[in-house]
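Enquirer: Next one to model:
(one chain, ligands or ions: 1)
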Amino acid sequence: MAEPTPPVAIIMGSQSDWATMRHAADTLRELGIAFDARIVSAHRTPDRMVDFAKGAKAAGFKVIIAGAGGAAHLPGMTASLTPLPVFGVPVESKALSGQDSLLSIVQMPGGIPVGTLAIGKAGAINAALLAAAVLALSDDDLAERLDAWRGRLSAAVAERPKDDA
Ligand SMILES: Nc1c(C(=O)O)ncn1[C@@H]1O[C@H](COP(=O)(O)O)[C@@H](O)[C@H]1O
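Expert: Model prediction:
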């Protein structure tokens, strides 16, 4: 029997984005959320992008996390082709430090939203946490795991700074 479709798709424009997007994957793993990670580029593999985005909901995905750098059209193009929530992660580009990625993703025209996160690792982690928060609305066990994750985050912060830390 075929494996069920996981709730989260992580898509990215290039293999080179994985160093950033793997932080989204790691965070989903910590929360016990299954995902599928794929390379899908609006520029280099447009047919793959259209097929993926048009079929994502019917395939059973619930949330899409899309990371891209530079002229980062992937999150917006994907959002235009699916009713699923799309969270965009601006990957830090070499030439412009991710400012180009951020502005490409965040300035969507009214009507087609992409929930845009911070540039780089923090954005990838937070995209996973937002995806978890969406899924937790209809999954009490996951809501508990998310609360526990935040509890561990708080507990890991020392009350006072150390000289040698
Ligand atoms: N922004 C996009 C898209 C897209 O938006 O569809 N496809 C690839 N790219 C980006 O090109 C950058 C450089 O890619 P390479 O490292 O493969 O040259 C990557 O950050 C990727 O997300």
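Enquirer: what's near enough to touch G67?
Expert: Contacts were defined as Cβ atoms under 8 Å, 6 or more residues apart in numbering; by that measure G67 touches 10-13, 17, 20-21, 24, 74-75, 88-91, 124, 127. Where you see a C-beta, it was placed from the backbone N, CA and C, and this is true even at glycine.
Enquirer: Surely it is in a strand?
Expert: Yes - the assignment for G67 is a strand, going by DSSP: H, G, I helix; E, B strand; the rest coil.
Enquirer: Beta-bridge partners for it, please?
Expert: Residues in a beta bridge with G67, per DSSP bridges, are M12, V89.
Enquirer: cool, D36 as well?
Expert: Applying DSSP bridges, one finds that D36 bridges with A9.
Enquirer: Test my guess that it contacts P4.
Expert: No - under the criterion of Cβ atoms under 8 Å, D36 makes no contact with P4, lying 10.9 Å away.
Enquirer: For the two, work out which one has more neighbours and name it.
Expert: More crowded of D36 and P4, by other Cβ atoms under 10 Å: D36, with 15 against 8.
Enquirer: Spatially nearest residue to G69, not counting backbone neighbours?
Expert: Here the nearest residue to G69 in space, its sequence neighbours aside, is V91; by Cβ to Cβ, 6 or more residues apart in numbering that works out to 3.5 Å.
Enquirer: residues touching that neighbour, list them.
Expert: Residues counted as contacts of V91 (Cβ under 8 Å, 6+ apart) are 12-13, 16-17, 20-21, 67-69, 72, 98, 101, 119-120.
Enquirer: and the gap between it and the ligand?
Expert: V91 sits 5 Å away from the ligand, going by Cβ to the nearest ligand atom, to the nearest Å.
Enquirer: coming back round to it: among the contacts of G67, find the one with the greatest number of neighbours, please.
Expert: Taking other Cβ under 10 Å as the neighbour criterion, V89 ranks highest of the contacts of G67 with 36 neighbours.
Enquirer: list the contacts for it?
Expert: Applying Cβ under 8 Å, 6+ apart as the definition, the contact partners of V89 turn out to be 20-21, 24, 65-68, 75, 105, 117, 123-124, 127.
Enquirer: ok, which residues in this structure are in contact with the ligand?
Expert: Listed as neighbours of the ligand in the chain under the rule Cβ under 6 Å from any ligand atom: 12-14, 16-17, 41-44, 68-74, 91.
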